[in-house]
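>>> how would this look folded up:
(one chain, ligands or ions: 1)
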Amino acid sequence: MSRRRLIGAAGAAGAAALGAAACGSGEGGPAPHDALRGTVVAQTGDIPVGGGDVVIKGKLVVTQPEKGDFKAFSAVCTHAGCTIQEVERNIHCLCHGSEFDIATGEVRHGPADSPLEELSITVDGTDIVLDEKERGA
Ligand code: FES
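Numbers count the residues shown, from 1 in each chain. Here you go, the predicted model:
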């Protein structure tokens, strides 16, 4: 287990110890990323090619599956609502081990059985901006 993963697992255990603060709450309320619409959520240079990062204190995940191709996803795990903790070659939820594809948000490894919510973004120079509204909404 890498040091980063160990720290993430310790954080997940701590969150679990606090009860439902990170998991299983928020049904029907605003999503954690909603307050960020229309704002810069990351810089292109901070998102690794073939990986990604959890940004804005865990409110969303930004990835760059191919050079210059950026994606954003909700950081709320579709299994039980934990906040996604890390991104390597996949997006990882350390609460119960689900993994999601960095290009599509599709489940690569359960127990989650539905993809992460993809969010519309616009790249403006080096700024990655979370769109005011989802495209097609
Ligand atoms: S809440 Fe993410 S794997 Fe269970």
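>>> so who does residue 66 touch?
Applying Cβ atoms under 8 Å, 6 or more residues apart in numbering to residue 66 gives the contacts 49, 50, 103. The way it works is simple: take the backbone N, C-alpha and C, and place the C-beta from them, glycine included.
>>> okay, and the beta partners of it?
Residue 66 forms beta bridges with residue 69, as assigned by DSSP bridges.
>>> one more: residue 74?
Under the criterion used here (DSSP bridges), residue 74 is bridged to residue 60.
>>> how far away is it from residue 114?
12 Å (Cβ to Cβ, to the nearest Å).
>>> same question, residue 103
Taken as Cβ to Cβ, the span from residue 103 to residue 114 is 16 Å.
>>> between those two, who's got more neighbours?
Shown here are residue 103 and residue 114; by other Cβ atoms under 10 Å, residue 103 has more neighbours (14 against 11).
>>> which helix or which strand is home to that one?
Here residue 103, judged by DSSP states H and E, is contained in no helix and no strand.
>>> so it makes contact with residue 71?
Yes - using Cβ atoms under 8 Å, residue 103 is in contact with residue 71, at 6.4 Å.
>>> which residues do those two both contact?
63, 65.
>>> which positions in the protein make contact with the ligand?
Within the chain, the positions near the ligand by Cβ under 6 Å from any ligand atom are 23, 77, 79-82, 93, 95-98, 111-112.
>>> name the SS class of residue 72, please.
When classified by DSSP: H, G, I helix; E, B strand; the rest coil, residue 72 comes out as strand.
>>> counting neighbours, what do you get for residue 109?
Neighbours around residue 109, by other Cβ under 10 Å: 12.
>>> quick check: the residue lying closest to it once chain neighbours are set aside vs residue 80, distance?
Nearest residue to residue 109 in three dimensions, chain neighbours excluded: residue 99, at 4.0 Å (Cβ to Cβ, 6 or more residues apart in numbering). In this view, residue 99 and residue 80 are 15 Å apart by Cβ to Cβ.
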